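Participant: for reference, the sequence and a predicted model appear below.
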Amino acid sequence: MFGTLSYNKQKTIIIVSFLLIPLVLLVTFTYYPAIKLIYYSFTDWDGYSPEKPWVGLANYREVFSNPDIFKVFTHNFAYFVMGLVQNIVAIYFAVVLNSKLRGRNGFRIMLFLPYIMNGVAVAFMFGYVFDTTNGSLNLFLNNIGLSSLAQTSWLGTEGLVNYSLASTGFWRFMGYNMVIYIASLQAIPRDIYEAAKIDGAGSFQTLWRVTLPNMKAVIQLNLFLTVTGALEVFDLPFVLTKGGPAGASQTYVQRVVDTAFAFNNYGLASAMSIILLFFVVIVLLVQQLVLSRGGDK
Amino acid sequence: MTHTKFRFVDFIKYFSLLIGVFVVLFPPYVVVVNAFKSTDEFNSSSSMALPKSFLNFDNFVAVFQRGGLLSGFGNVLVIIIITLTLNILFGTMVAYVLGRFSFKMKPVVFGAYLVATIIPSITTQVATFGIIKNMGLYNTLGAPIVLYIGADVIQIILYLQFIRNIPVDLDESAMVEGASLFKIYRSIIFPLLTPATATLVILKTISIYNDMYIPYLYMPKQSLGVVTTVLMRFQGVNSGEWNLICAAILLILLPTVVLYFFLQRYIFEGVTSGAVK
């Protein structure tokens, strides 16, 4: 039987049989669709008809020449801005919660809480909070004396809706970033701090010259996730505003999904997906470049 | 001098933390108080006021009767159990092979998992959709299951860290006693990976329970709703009745929040060991 084979043969059998299904899954649901996507992007396919007419680069030309499509990225910009603020706040809370403090664990647990909450439920929850007339945010603003702000239509104003939605993302994911930053803080060796203290560094200097440089790799990773996350926003506007008012909160991915499933233009949607993928890779490359230039790790 | 300065710093710290906690708790608070209000009470009271009684469960009963929430919980439970069983199996298998053997294709296999993470899965859905349809899995529980069971790079890295900490001596002494490599996986590696598996079970359960996109896209059938899609339908039908929607939101948030307070230590561990290393 199997046990009587030589270990070398066993090894080959184990490697092949253990990797077979997982790799088939990986190829079927990640790489094969990605390749299909490239192929579709050169066709005029509507999603159901058997023939997929080849149109060459027409879809790509359409994406780049139709200002309407790229304009959508300006909506994603709000998520990028909020993502940056979110990281700064997360680093702040991580540093605070890594110092000696009463109730440190309790605060950590509370601030991380939103991350585990159901995204759709959170979206509807904020739909209610942001409601113009009955919403608790406006009621709260009124109560603390900011009644001039208390009539704001948070989800109904064009310039505001994306920031309102992005702040929901901020609410949900700040704690997640914070926990990751706390972990990276705890990995910094204690003796560096003692050395800094002996050299007479103040607490701000220590933060700037010791703590932050040591967190660099994790900050980079989170910034990458922030940028790509901002490019890939979908569920919040999809659930909460359906892209409204008048398309003001439609994000790029939502546009892709609409193009494919609502307007049956798979070819164009595929080209849009490939362009997004391309942007993600560019972000990654730029980040790698900056990282290797910085010289450490 | 320095004494008072330190106190001021502490004041800033606690003050900002309290603001943070307030911001975190404000939206759920609003949901909780309104979930217990009758429609009349809801219309006549402020949205931040406490309900007359926290024992008014009418909204919750209505949600269960009208919403199909029970079958939503049932469906998501079936998906989670089947997915996790297979996912843990595949994850430990890949990690065992990558962690214990050296072979030519190893960097390729690991690289394939790594590259897969930068492909935004949401964009490839346009093509994945066709595959699921061709497999005949559209509008079945099989669709989310096959999409979730694949191991991801974070899971593999997590398992690899644990495998590195299992001494190779254990394998070798088992070999001396004539155990097959499969037996080593089954009776040494797999059981010793249990702590990592426990952490993964928690994290994956939460992420599958919270996923909206895959069930929405692949299981539009009414009877196959999971909690997220049930909530979306429920909100669509009852869009004006916020007290009912609040009750539904609360019911859906409750399981993960309870799980979280019991298991937060493991959740933190899983999140950090997957992301920092």
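Facilitator: Looks like it arrived, so ask away. Numbering: from 1, shown residues only, chains lettered A, B, ... in the order given.
Participant: for chain A, which spans come out with low pLDDT?
Facilitator: Along chain A, segments meeting pLDDT under 70 span A:1, A:293-297.
Participant: rerun at 50
Facilitator: Applying pLDDT under 50 to chain A flags the ranges A:295-297.
Participant: test my guess that residue B:206 contacts residue B:259.
Facilitator: Yes - with contact defined as Cβ atoms under 8 Å, residue B:206 counts as touching residue B:259 (7.3 Å). Where C-beta positions appear, they are placed from N, C-alpha and C, glycine not excepted.
Participant: which one's more surrounded, those two?
Facilitator: Just comparing residue B:206 and residue B:259: by other Cβ atoms under 10 Å in any protein chain shown the higher neighbour count belongs to residue B:206, 22 against 16.
Participant: can you pull the contacts of the nearest residue in space to residue B:220 that is not next to it in sequence?
Facilitator: Spatial nearest neighbour of residue B:220, chain neighbours left out: residue B:139 (6.7 Å); criterion: Cβ to Cβ, 6 or more residues apart in numbering or on different chains. The contact partners of residue B:139, by Cβ atoms under 8 Å, 6 or more residues apart in numbering or on different chains, come to B:218-221, B:224.
Participant: could you check how far residue B:139 is from residue A:124?
Facilitator: Computed as Cβ to Cβ, to the nearest Å, the residue B:139 to residue A:124 distance reads 25 Å.
Participant: ok, residues contacting stretch B:210-225?
Facilitator: A:116-120, A:234-235, A:239, A:261, B:68, B:71-72, B:75, B:122, B:125, B:129, B:132, B:137-141, B:143-144, B:147-148, B:226, B:228-229, B:232-233, B:256.
Participant: stretch A:192-207 now?
Facilitator: A:95, A:209-210, A:214.
Participant: so which strand or helix has the residue in the stretch 51-200 of chain A that chain B sits nearest to?
Facilitator: Per Cβ to the nearest Cβ, residue A:183 is where the stretch 51-200 of chain A lies closest to chain B, at 3.7 Å. Secondary structure assignment for residue A:183, by DSSP states H and E: helix A:158-186.
Participant: need the pLDDT of residue B:211.
Facilitator: The model reports residue B:211 with a pLDDT of 91.
Participant: my error: substitute residue B:227 in the last question.
Facilitator: At residue B:227, pLDDT is 91.
Participant: what is the burial count for it?
Facilitator: 30.
Participant: got it, and residue B:191?
Facilitator: 9.
Participant: tell me the phi and psi of it?
Facilitator: phi -60, psi -40 (degrees, to the nearest 10).
Participant: re earlier: ok, of the contacts of residue B:139, which one's closest to chain A?
Facilitator: Nearest to chain A among those, counting by Cβ to the nearest Cβ, is residue B:220 at 11.0 Å.
Participant: before we move on, which element is the closest one in?
Facilitator: Applying DSSP H and E, one finds residue B:220 in no helix or strand.
Participant: please apply the same query to residue B:139.
Facilitator: Residue B:139 belongs to no helix or strand when assigned by DSSP H and E.
Participant: measure it to residue A:35 for me?
Facilitator: 26 Å.
Participant: please name the nearest non-neighbouring residue to the spatially most central residue of chain A.
Facilitator: Chain A has residue A:229 as the residue nearest its centroid, 2.1 Å off, counting by Cα atoms, centre = their mean. Nearest residue to residue A:229 in three dimensions, chain neighbours excluded: residue A:83, at 6.3 Å (Cβ to Cβ, 6+ apart).
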